[in-house]
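**Student:** coordinates for the following, if possible.
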Amino acid sequence: MSVKFYYDQIKYRIRKAGEIKRFLEKVIRDEKKIPGDLVFILINDKKMLEINSKFLKHDYYTDVISFDYSAEEKINGEIYMSVDTIRENSFRYKSGMDEELVRVMIHGVLHLCGYSDGNKDDRDKMFARQELKVSEFEKR
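**Tutor:** Residues are numbered from 1 along each chain as shown. Coordinates of the predicted model:
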């Protein structure tokens, strides 16, 4: 599995990147999928709004957008994350920046594994799985 992090005009840097990479591989294997290549691109709100508008036709900020390039059971993709929105959510939910970043990364990976948050039932299922994985990461 290859996991790469790119930073597009932001100052924030991921801490414990090696631990996070290993844990994301576990998340994928727990879903009975094969880890492939993941690219995480950390951007600002302005860039995220451009991507959200261009590719999803949504005119609002979001914390994460996943582009799925998986082939059969092998998980591959690009995950764009807005550091601005992640930081704002960490204050709102009193979770801390590092925890919120891991939460968003797990969320993006779960999308690549086939989870959806398009309706309430799917969202509830996805968020339950996401929070279980965040808890596992925090306990390790």
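**Student:** list of residues touching the longest helix along the chain?
**Tutor:** Determined from DSSP state H, the single longest helix within the chain is helix 120-139. With CB atoms under 8 Å, 6 or more residues apart in numbering as the test, helix 120-139 has contacts from 20, 23, 27, 30, 99, 102-103, 106-107, 110, 115-117. Just so you know, the C-beta spots here come from the backbone N, C-alpha and C atoms, and that holds for glycine as well.
**Student:** repeat that with 6 Å
**Tutor:** By CB atoms under 6 Å, 6 or more residues apart in numbering, the surrounding residues in contact with helix 120-139 are 23, 27, 102-103, 106-107, 110, 115-117.
**Student:** quick check: PyMOL command selecting the buried ones in those.
**Tutor:** Of the contacts of helix 120-139, the buried ones go into a single PyMOL selection, burial set by 16 or more other CB atoms under 10 Å:
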select buried, resi 23+27+102+103+106+107+110+115
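**Student:** which residues in the protein form helices?
**Tutor:** 17-30, 45-56, 83-92, 97-112, 120-139.
**Student:** the shortest one - what's its average pLDDT?
**Tutor:** Spelled out, it's helix 83-92. Helix 83-92 shows a mean pLDDT of 98.
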